[in-house]
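J.: predicted model and sequence below, questions to follow.
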Amino acid sequence: MIKQNRSYKKLILTAVAAAVILYSAAGIDYSGLASFSLSMAGDVFRGLFHPQWSYFYDGSGEDVFSLLLLTIGIAFLGTAIATLLALPIMLISAANLWKSRPAVAKIGKFICNVLRAFPELVYAIIFVKMVGPGPFAGVLAIGVHQIGMLGKLFTEEMEGMEEQSVEAMQAVGAGFWQTFFYARVPQLMPIYTSLSLNHFEIAVRSASTLGLVGAGGIGAPLIFAIQARNWDKVSIILLGVILTVFLIDTVTGAIRKKLR
């Protein structure tokens, strides 16, 4: 009987999933396929397989190498700001730090949810209007979004940590800040550093698209090249982004291994 109930549940779940997929597929507008042609697709792929190597670096400051450095700088500064500001957010949000006042932790978690509710691109559009186009708007967009992301992750790690060392220090008369700096911080700092490095990788990918709305980085020349159908230029930009992400992933991965 139990096996039959489980099989019925699986069938129902499968049917619901299939219905959702079919409904989603039926709601897509396929009219764009009418303009598709093999010759156009061939032009795109021929351009992508013949990168414009001269555009990688030409000393103008507007080449791929220079713009990738700017993109990395935007991501690094945004993540650094987010990491610093996520720590006080974590102090407010962690329920185990506010056992006598749970409402404070709920307010902190609500702030994190609000900050991470919108993607960096939305923040970038807002900050471009506020501070003008340029890298500063990109830094603010990444920083504000990642305050919410890192604040949530830092809070979860704080709430899930082992409390034995804290209880031992409290038993001999240690106060809140003493237990925080000598019991909690040493245990959590490697994890927090690893989380920040991981989000730096994510920020590099995000910063690569923020230029689409004028927030600096490699995104603006990418969209201009796509609109102009300069597929050889698109190719070298994409190769630069892929190589950059790969190198950063390798370096930060090695650092995270040493932190374990």
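T.: That came in fine, so what should we check first? Residues are numbered from 1 along each chain as shown.
J.: what's the nearest residue to residue 118 if we skip its chain neighbours?
T.: Closest residue to residue 118 apart from its sequence neighbours, by C-beta to C-beta, 6 or more residues apart in numbering: residue 145 at 7.0 Å. The way it works is simple: take the backbone N, C-alpha and C, and place the C-beta from them, glycine included.
J.: so how far is residue 174 from the residue nearest the centre of the chain?
T.: Within the chain, one residue has its C-alpha closest to the average C-alpha position: by C-alpha atoms, centre = their mean, that is residue 202, at 3.9 Å. Look at residue 202 and residue 174: by C-beta to C-beta, to the nearest Å, they are 37 Å apart.
J.: how near is the residue nearest to the centre of the chain to residue 114?
T.: Following C-beta to C-beta, the distance that separates residue 202 from residue 114 is 19 Å.
J.: what lies in contact with the lowest-mean-pLDDT helix or strand in the chain?
T.: Taking mean pLDDT, DSSP states H and E as the measure, helix 38-48 is the helix or strand of the chain with the lowest mean score, a mean of 74. Residues from elsewhere that reach helix 38-48, judged by C-beta atoms under 8 Å, 6 or more residues apart in numbering: 229, 230, 231, 232, 234, 235, 238.
J.: ditto for stretch 53-65
T.: Contacts for stretch 53-65 (C-beta under 8 Å, 6+ apart): 66, 218, 221, 233, 236, 237, 240.
J.: what about that stretch, average pLDDT?
T.: Within the predicted structure, the mean pLDDT of stretch 53-65 is 83.
J.: go on, stretch 95-107?
T.: Mean per-residue pLDDT for stretch 95-107: 86.
J.: please apply the same query to stretch 245-258.
T.: Across stretch 245-258, the per-residue pLDDT values average to 85.
J.: tell me which helix or strand the residue nearest to the centre of the chain sits in.
T.: Taking DSSP states H and E as the definition, one finds residue 202 inside helix 185-210.
J.: got the angle between whichever helix or strand comes after that helix and helix 185-210?
T.: For helix 185-210, the following helix or strand on the C-terminal side (DSSP H and E) is helix 219-227. With axes from the mean of the first three to the mean of the last three C-alpha atoms, to 10 degrees applied, the angle from helix 219-227 to helix 185-210 works out at 40 degrees.
J.: so which elements touch helix 219-227?
T.: Using 3 or more C-beta pairs under 8 Å, 6 or more residues apart in numbering; DSSP states H and E as the contact criterion, the elements in contact with helix 219-227 are helix 185-210, helix 231-259.
J.: low-confidence bits of the protein, can you list those?
T.: Confidence mapping of the chain against pLDDT under 70 gives the ranges 1-5, 30-34, 36-37, 260.
J.: can you count the residues close to residue 247?
T.: 12 (other C-beta atoms under 10 Å).
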